[in-house]
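Student: Show me how the following folds:
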Amino acid sequence: GGAGARVESGLRTGSVSAAENEFLGEEELVTIVPRFRHPVMRFVSGQFGPFETQEPVEVPLWLAVALKQNHKCQVVPPEWMARERLEETLQNERDAPSFEPLPFHYMEIWRLLLRNAADDVPDAEVVRALLADIEGVRLDKIRNGVRSVADDVKTSENVHAVKMTNIAAMELLLLRGFFLESMAQFSMLTAGAAGDAAAAPGGGD
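Tutor: Numbering: from 1, shown residues only. Predicted structure coming up:
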């Protein structure tokens, strides 16, 4: 619960960009099992279908949610959201400094699916908890990576690179926030140090 709360709190600091990320996440394709028949549907983002009863078909997440809300389909959760896969992902995240490969918009996808189609997700509450834990572990890695860079900047001329391959869209948003916060703190420290030096006897000469 605490890990998930930290992530939610971080997302609220950049709500506009977070909303934009959710919009982009809604374009990700998911599989549905229709409960209706319909020819191909054409949208600005592409065409989808035709739709046949009980025949799986891929559609954008926003369309899957709309059809689900109207009881027109069952949503098939992506394989990476299976409980067993998430348990393995969480363990790997805890065991290694690297980031496990997940969809770029995984945070937006799982929230939208569990908000709108939880009854189609096996072990939905366990899955929700696992994903919140995964987010928390990954967030801690990002925060620690930023902190190590900030410490290098403060204490030496050599700044070591931090590898953050496989981080997701929302995590990039948080990463930017952490860097901006660290740089602001560093600027305050350096400004304070300069002021102390100027105030010292002979410092103004």
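Student: In a strand, Asp140, correct?
Tutor: No - using DSSP: H, G, I helix; E, B strand; the rest coil, the assignment for Asp140 is helix, not a strand.
Student: Going C-terminal from the helix or strand that contains Phe23, what's the next secondary structure element?
Tutor: Assigned by DSSP states H and E, Phe23 falls within helix 15-25. Once the chain leaves helix 15-25, the next helix or strand it forms, by DSSP H and E, is strand 29-34.
Student: which helices and strands does that next one pack with?
Tutor: Packing partners of strand 29-34 (3 or more CB pairs under 8 Å, 6 or more residues apart in numbering; DSSP states H and E): strand 57-60, helix 61-69, strand 73-76. (C-beta placed from N, C-alpha, C; glycine too.)
Student: Would you tell me which of those gets closest to Glu84?
Tutor: Glu84 lies closest, by CB to CB, to one member of the helices and strands packed on strand 29-34: strand 73-76, at 16.2 Å.
Student: buried stuff in the helix or strand that the closest one is followed by?
Tutor: Scanning forward in sequence from strand 73-76 by DSSP H and E, the next helix or strand is helix 83-95. For helix 83-95, a neighbour-count test (16 or more other CB atoms under 10 Å) marks 86, 89-90, 93 as buried.
Student: give me the beta-bridge partners of His38?
Tutor: Phe51 (DSSP bridges).
Student: my read: it touches Pro50, true?
Tutor: Yes - His38 is within contact range of Pro50, at 6.7 Å (criterion: CB atoms under 8 Å).
Student: lowest average confidence, helix or strand, in this protein?
Tutor: Using mean pLDDT, DSSP states H and E, helix 2-12 stands out as the lowest-scoring helix or strand of the chain, at a mean of 43.
Student: Okay, Arg83 and Leu131: tell me how far apart.
Tutor: Using CB to CB, to the nearest Å, Arg83 is found at 10 Å from Leu131.
Student: and what of Met170?
Tutor: Met170 is 12 Å from Leu131, by CB to CB.
Student: Over to Ala66?
Tutor: As judged by CB to CB, Ala66 and Leu131 stand 23 Å apart.
Student: Name the residue in these two with the higher neighbour count.
Tutor: Between Ala66 and Leu131, counted using other CB atoms under 10 Å, the more crowded position is Leu131 (24 against 14).
Student: Run through the residues that contact the more buried one.
Tutor: Contact analysis of Leu131 by CB atoms under 8 Å, 6 or more residues apart in numbering lists 81, 86, 110.
Student: Check which residues of the one helix or strand it maps to are buried.
Tutor: Using DSSP H and E, Leu131 falls within helix 124-155. Buried residues in helix 124-155, counted by 16+ other CB under 10 Å: 124, 127-139, 141-143, 145-146, 149-150.
Student: which residues of the chain score low on pLDDT?
Tutor: 1-17, 149-162, 177-205 (pLDDT under 70).
Student: switch to 80 and redo it
Tutor: Along the chain, segments meeting pLDDT under 80 span 1-18, 147-164, 176-205.
Student: quick one, what contacts the nearest residue in space to Gln47 that is not next to it in sequence?
Tutor: Excluding the flanking residues, the one nearest Gln47 by CB to CB, 6 or more residues apart in numbering is Val40, at 5.2 Å. Shown in contact with Val40 (CB under 8 Å, 6+ apart): 47-50.
Student: All set now, cheers.
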